[in-house]
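Student: the sequence and its predicted three-dimensional model are supplied below.
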Amino acid sequence: MKHPATALAAACALIALPALAHHSFAMFDMKKDVVVTGQVKDFQWTNPHIWIQLVAQGADGKATEWSIEGNSPSVLARKGWTKRSVKIGDTVTITMHPLKDGRMGGDLVKAVLADGTVVGVE
Amino acid sequence: MRNVANPHFTSRPLRRRRARLACALGLALLGISLACAAAAPASRSTHSNGVVPEFNGIWIRQGSFLFDPAVRDPLLLKPPYKADWMKAFDDYRQSVVQTGVSKLDPTAGCLPPGMPRMMSAVYPMEILLTPGQVTIITEWMEQIRRVFTDGRKHPDDPDITYVGHSIGHWEKGVLVIDTVAMNADTLLDQSGMKHSAAIHVIEHMRLIDHDTLQNELTLEDPVAFIHPWTVTRTFKRAKPGEEMREYVCMENNRNPIKPDGSVGTILQGDGAK
């Protein structure tokens, strides 16, 4: 049974701020998830945000590089991430909120290693 | 004088012993106490009597990192703005929702949050008590506040800084902090709430229990607000062994502020084309 309050809560959640701090994440479409599997080209375990450069095959068969922005090491380390969580050459499946402007970037939601290990804990 | 023989800074057995002593000595002790208090005006420092609340340590924010910790959605914030300030804020927050473009926020360009935004402690904060000073260090942007508890006053004409000028004193275990001279270019939080140069911040920090710190912040801003705005923020003590981390914002900031004030996203590799 759908309660009006539930619907309202869901609507509020959509426009709520993500738990990211350094800057507003309004440039990402928080309502949309994109899942991409590829090889890690670079893992930048840096402030103010971590970045994963991921090379994946697009629908046209051509390899393209995604720039995926995560939270800060401060937040991720406290969720179990380390500078070795993702290594160059690893095959990783990443769920992200894509950039609204359609470019090849997104906000990291989840990273799953080839053996099925989910990086970090929520 | 406030901290001299303050019962809140002494242990219970000590208090009982003092009570017996006071009964025995009666007015004589009262006379001595008053004399001592009058003779020791400089003993207001935090450690003057050896026992102050155990604020020392690393503290983790509870609630949202908006100025009002009970609110997670910027659209639900209710600052006591005057009409013209409220309209500007409403227009801005609506435009962020509609366009997806966030402007205004200097921290995106790695400028510090300043006071009072730094006390939202987006990442943990550390408190250090030393004689005459309480030092508050926030992990986010590595801001440092020095709250002088040695009895000094604010300077007559203080320079304007991001953290402002803070003086504090203890009232029955509560640290009362008064802050002036804050940079008006900072925001209250990421929602885009501004304040004026007239902002004055009063804080009451207390321990609820050993692992819970509460900070009641009151903002007075006669230029922007119709009345003061008070929020209560709670922190939990970090787990043993947890350390403050380094935060150098310019290390790899791929979200610089663009000329139009919006926050950019720098992509790399062929996907950036």
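Tutor: Looks like it arrived, so ask away.

Student: how about the residues of chain A by chain B?
Tutor: Taking Cβ under 8 Å from any Cβ of the partner chain, the part of chain A that reaches chain B is made up of A:12, A:15-17, A:21-24, A:26-27, A:29, A:41-42, A:44, A:46-49, A:51, A:53, A:55, A:64-67, A:69, A:72-75, A:77, A:99-100, A:103-105. C-beta here means a position set from N, CA and C on the backbone, and glycine is covered the same way.

Student: okay, and which of these map to strands?
Tutor: Taking DSSP state E, the ones among those that sit in strands are A:41, A:42, A:44, A:51, A:53, A:55, A:64, A:65, A:66, A:67, A:69, A:105.

Student: and the residues you listed as a markdown table, adding pLDDT?
Tutor: Converted to a markdown table, those look like this (pLDDT from 0 to 100):
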| residue | pLDDT |
| --- | --- |
| A:41 | 97 |
| A:42 | 97 |
| A:44 | 97 |
| A:51 | 97 |
| A:53 | 97 |
| A:55 | 96 |
| A:64 | 92 |
| A:65 | 95 |
| A:66 | 96 |
| A:67 | 96 |
| A:69 | 95 |
| A:105 | 95 |
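
Student: neighbour count and distance to residue B:76 added to those, as JSON lines?
Tutor: Below are those laid out as JSON lines (neighbours: other Cβ atoms under 10 Å in any protein chain shown; distance: Cβ to Cβ, whole Å):
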{"residue": "A:41", "neighbour count": "16", "distance to residue B:76": "41"}
{"residue": "A:42", "neighbour count": "15", "distance to residue B:76": "39"}
{"residue": "A:44", "neighbour count": "19", "distance to residue B:76": "35"}
{"residue": "A:51", "neighbour count": "21", "distance to residue B:76": "32"}
{"residue": "A:53", "neighbour count": "20", "distance to residue B:76": "37"}
{"residue": "A:55", "neighbour count": "17", "distance to residue B:76": "41"}
{"residue": "A:64", "neighbour count": "17", "distance to residue B:76": "39"}
{"residue": "A:65", "neighbour count": "20", "distance to residue B:76": "39"}
{"residue": "A:66", "neighbour count": "25", "distance to residue B:76": "34"}
{"residue": "A:67", "neighbour count": "25", "distance to residue B:76": "32"}
{"residue": "A:69", "neighbour count": "28", "distance to residue B:76": "26"}
{"residue": "A:105", "neighbour count": "24", "distance to residue B:76": "29"}
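
Student: identify the farthest-apart pair in these.
Tutor: Distances among those were taken as Cβ to Cβ; the most separated pair is A:44 and A:64, at 18.4 Å.

Student: domain ranges for chain B, per the record?
Tutor: Domain segmentation of chain B under automatic domain parsing yields B:7-39, B:57-237.

Student: quick one: least confident helix or strand in the chain?
Tutor: No chain was given, so I picked chain A. Here the helix or strand of chain A ranked lowest by mean pLDDT, DSSP states H and E is helix A:4-15, holding a mean of 39.

Student: hmm, no, I was thinking of chain B.
Tutor: That would be, for chain B by mean pLDDT, DSSP H and E, helix B:27-39 at a mean of 42.

Student: what residues does the stretch 51-200 of chain B have near chain A?
Tutor: Residues of the stretch 51-200 of chain B lying near chain A by Cβ under 8 Å from any Cβ: B:64-66, B:72-76, B:96-97, B:100-102, B:105, B:107-108, B:110, B:122-124, B:139-140, B:190-191.

Student: filter those residues to the buried ones?
Tutor: B:64-66, B:72-74, B:96, B:100-102, B:105, B:107-108, B:110, B:122-124, B:139-140, B:190-191 (16 or more other Cβ atoms under 10 Å in any protein chain shown).

Student: in helices only, show me those residues.
Tutor: residue B:96 (DSSP state H).

Student: just give me the neighbour total for the nearest residue to residue B:232 once chain neighbours are set aside.
Tutor: Spatial nearest neighbour of residue B:232, chain neighbours left out: residue B:216 (4.8 Å); criterion: Cβ to Cβ, 6 or more residues apart in numbering or on different chains. Counted by other Cβ atoms under 10 Å in any protein chain shown, the residues lying close to residue B:216 total 15.

Student: and residue B:216, what are its bridge partners?
Tutor: Applying DSSP bridges to residue B:216 gives these bridge partners: residue B:204, residue B:232.

Student: make sure it is actually in contact with residue B:229.
Tutor: No: between residue B:216 and residue B:229 there is no contact under Cβ atoms under 8 Å: 11.4 Å.

Student: can you tell me the closest non-neighbouring residue to the residue nearest the centre of chain A?
Tutor: The structure's chain A has its C-alpha centroid closest to residue A:108; by Cα atoms, centre = their mean the separation is 1.0 Å. Distances taken as Cβ to Cβ, 6+ apart place residue A:70 nearest to residue A:108, at 3.8 Å, with adjacent residues excluded.

Student: quick check, the one you found in contact with residue A:53.
Tutor: No: contact criterion Cβ under 8 Å: residue A:70 and residue A:53 do not qualify, at 11.9 Å.

Student: where in chain A is pLDDT low?
Tutor: A:1-22, A:121-122 (pLDDT under 70).

Student: look up which helix or strand residue B:129 falls in, please.
Tutor: Residue B:129 is part of strand B:125-130 when elements are defined by DSSP states H and E.

Student: in its sheet, what does that strand sit against?
Tutor: When DSSP bridges is applied, strand B:125-130 pairs with strand B:57-61 (antiparallel), strand B:133-138 (antiparallel).

Student: chain center to stretch B:65-81, what's the gap?
Tutor: 17 Å (Cα atoms, centre = their mean, to the nearest Å).

Student: er, stretch A:53-70 actually
Tutor: Using Cα atoms, centre = their mean, the offset of stretch A:53-70 from its chain centre is 13 Å.

Student: many thanks, we can stop here.
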